[in-house]
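Student: Following is a predicted model, sequence given first.
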Amino acid sequence: MKKTVTVLALALCLTFPTVNALNSELVSTTVEIVEEKTSVSPLCEAAAKGDIETVKQLINNGVSVNQKSNGMLPIHYAARFNRVEVIKVLITSGSEIHATCDKGLTALRHAEKTNAKEAAEFLKRFKK
């Protein structure tokens, strides 16, 4: 019995360095950081938040109402977040009502998908 325990202990001791050597080969010392940038333009951010004053100020300073940010126009953001007053400002400033985002959705479709009822009802007035 004593021999068996000694042999098992010896075998166990010999396997640990092997396991540790294998683990060190599996572990990488380099770290790769992947950062996805999804920043939104100030006009699109203001449209999403419903900040009418900032929207007006940006438009007065020459920011285009038809400039996409992350594949969507400001009117798409306003429609998604049910910002009817912002939609009105964007339309009067020349926003393309029927323009599609990079996924092929119009402002009306964005409003419908997000259950933004007031925005959807307002945009239906302009349906082709």
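Tutor: Good, I have the coordinates.
Student: the strands in this structure, which residues?
Tutor: Using DSSP state E, the chain contains no strands.
Student: Could you give the number of residues near residue 57?
Tutor: Neighbours of residue 57 under the rule other C-beta atoms under 10 Å: 14. Using the backbone N, CA and C atoms, a C-beta is placed for each residue, glycine as well.
Student: from what I can see residue 118 touches residue 86, true?
Tutor: No - counting by C-beta atoms under 8 Å, residue 86 is not a contact partner of residue 118; they are 11.6 Å apart.
Student: residues in contact with residue 77?
Tutor: Contact partners of residue 77, counting by C-beta atoms under 8 Å, 6 or more residues apart in numbering, are 40, 44, 45, 47, 48, 69, 83.
Student: Would you mind checking these for buried ones?
Tutor: 44, 45, 47, 48, 69, 83 (16 or more other C-beta atoms under 10 Å).
Student: Quickly check these for the two that are furthest apart.
Tutor: Using C-beta to C-beta, the buried ones among the contacts of residue 77 span at most 15.3 Å, a distance reached by 69 and 83.
Student: if we can go back for a sec, got the buried ones among the contacts of residue 77 as a markdown table, with distance to residue 101 and pLDDT columns?
Tutor: A markdown table is the format used below for the buried ones among the contacts of residue 77 (distance: C-beta to C-beta, whole Å; pLDDT from 0 to 100):
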| residue | distance to residue 101 | pLDDT |
| --- | --- | --- |
| 44 | 11 | 97 |
| 45 | 16 | 97 |
| 47 | 13 | 97 |
| 48 | 13 | 97 |
| 69 | 10 | 95 |
| 83 | 16 | 98 |
